[in-house]
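Novice: predicted model follows, preceded by the sequence.
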Amino acid sequence: MAWSFVENLPTDILHVPPLAERLPFNTSTFFAYILPACLSHHVAALLVILPGTRVYRLALWPLVALLAFRASVYIDFAGGDPLQTYMNLSVALVMFCFVFRTLEWTFLKDPLKRHLRPVGSSLSTFMDALDLSTNVRGVGWNWSRSLHFPPDTRPTLRVWFAGYVLLSAWYHSVVCGAFHLATQAFSPETFTVLSGGTIFDATLPPLIRYIRSSIITVVVAVAIYAVMQMMYDIATLIGVLVFWQDPAQWPPVFDKPWKADSLRDFWGRRWHQLFRRTFVVLGGWPLKVPFGRVGYVLGAFLGSGIVHNVVVVMLNQNVEWWYMLLSFEMMAVGIILEDMFARISGREVGGWIGRVWTMAWLLAWGSIIIDGFARAGMFASASVLDTACPVRGIPEYYVTALDRWLRDCAP
């Protein structure tokens, strides 16, 4: 009996229950599953800023990973509503970051140092650890000095800063909702159900098919940009108004990605860098050891592909694994090609030709990423404008008209 228990222990601990068997999110499950994972992550952040704690960090990491896994797969944050599945996905991504951030901290030799604190605040190891555990870009920490933070043109006075961010959150919520509804209007039969569907309509001739899929890709990209900006604005308001953080601790998350004139400029500077460190730890550093700079680039995008693949698999396990891995690896290939061009010609990719090249490459391989999301049923999630009937009709009307016109153009 005892031996049977030991044999089945790993299977029982790592068992992923079906969604129907998950526990509801309530006070009890919060204290039993969510809080332990958050506290273990905070303890790891506390240890990594203290000297002589490497042995303790090594011992702690397996526990952090186990608690994060439990929080990810045992609780149903959607409350049984399939259209709210993205709630489970969001928590899983947070826990995924917990695991790989603490993995990086586990092997650091020197303690991390903080060089930016709120004006008037006193030194506090506990508060430094809290900031580190919630600061995914490392704003104000020594490990992030090589990262690009967009220039901040927002008001510096706290009241006006909060007002600006509040308006930004409202504006981007409207944009996100409108473009989400526009996406669904392209194919109500498949984009509004959890089973999903492809953005490539096989009934259309190739030229019209790819023009249509490219338009859908751009629409979805705008929606993704808007929802991430909105969520960042809300987090900024909480940080500045509730926890009284300095606005300087919340620099802009995007840097006008539509102005990118190279793939390196787009992915390394203008697109959000929220998960960059996770991708580097997951794939960049491991592949840099045997393959150098090329391995670092390929590995970082491999890490990104793995994380995005986890996203679609959590939504729909029938989506092929290669969608995300191939697409993001091709982004790395594009950056390597830019480096080769720079070495051969002595000139960096840029200017209007660089912009055309960048948007063409992003559109070509980004369409496959968006198709993976579509097949996973991601577009069926609830929208902030679902109940706003007068507003809802505007994107639906114009998208339906555009889609009808494209189909009429087909011979």
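Specialist: Yep, that arrived.
Novice: low pLDDT regions in the stretch 301-411 of the chain?
Specialist: Filtered on pLDDT under 70, the stretch 301-411 of the chain yields the residue ranges 382-391.
Novice: and the helices in it?
Specialist: Counting by DSSP state H, counting those that start in this stretch, the stretch 301-411 of the chain forms helices over residues 322-345, 351-375, 389-409, given from the N-terminal end onward.
Novice: ok, the stretch 101-250 of the chain next?
Specialist: For the stretch 101-250 of the chain, the helices defined by DSSP H, counting those that start in this stretch cover 125-134, 158-186, 188-191, 206-237.
Novice: find the residue at the geometric middle of the chain.
Specialist: To find the centre residue of the chain, average its C-alpha atoms and take the closest one (Cα atoms, centre = their mean): that gives Phe275, at 6.3 Å.
Novice: quick check: phi and psi on that one?
Specialist: In this entry, Phe275 is assigned phi and psi values of phi -110, psi 10 (degrees, to the nearest 10).
Novice: looks like it contacts Ser304 (just checking).
Specialist: Yes - judged on Cβ atoms under 8 Å, Phe275 makes contact with Ser304 at a distance of 7.4 Å. Where you see a C-beta, it was placed from the backbone N, CA and C, and this is true even at glycine.
Novice: picking up where we left off before, can you put the helices of the stretch 101-250 of the chain in CSV and add distance to Glu329 and mean neighbour count?
Specialist: As requested, those are arranged in CSV below (distance: least, Cβ to Cβ, whole Å; neighbours: other Cβ atoms under 10 Å):
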stretch, distance to Glu329, mean neighbour count
helix 125-134, 31, 18
helix 158-186, 25, 19
helix 188-191, 26, 14
helix 206-237, 18, 19
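Novice: contact partners for the closest residue to Gln84 other than its chain neighbours?
Specialist: Once flanking residues are discounted, Gln84 sits nearest to Ala78: 3.8 Å by Cβ to Cβ, 6 or more residues apart in numbering. With contact set as Cβ atoms under 8 Å, 6 or more residues apart in numbering, Ala78 has these partners: Gln84, Thr85, Tyr86, Met87, Asn88.
Novice: state the distance from Ala78 to Ser195.
Specialist: Using Cβ to Cβ, to the nearest Å, we find Ala78 at a distance of 17 Å from Ser195.
Novice: also Met87?
Specialist: Noted for Met87: a distance of 19 Å to Ser195, by Cβ to Cβ.
Novice: the two: which is more packed in?
Specialist: For the pair Met87 and Ser195, the greater number of neighbours falls to Met87 (18 against 11), based on other Cβ atoms under 10 Å.
Novice: nearest spatial neighbour of that one, skipping sequence neighbours?
Specialist: Of all residues beyond its chain neighbours, the one nearest Met87 is Phe77 (4.0 Å), with distances taken as Cβ to Cβ, 6+ apart.
Novice: show me what contacts that neighbour?
Specialist: Contact partners of Phe77, counting by Cβ under 8 Å, 6+ apart, are Phe25, Gln84, Met87, Asn88, Ser90, Val91.
Novice: including pLDDT, could the residues you listed go into TSV?
Specialist: Output for the contacts of Phe77, formatted as TSV (pLDDT from 0 to 100):
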residue	pLDDT
Phe25	93
Gln84	78
Met87	84
Asn88	85
Ser90	85
Val91	90
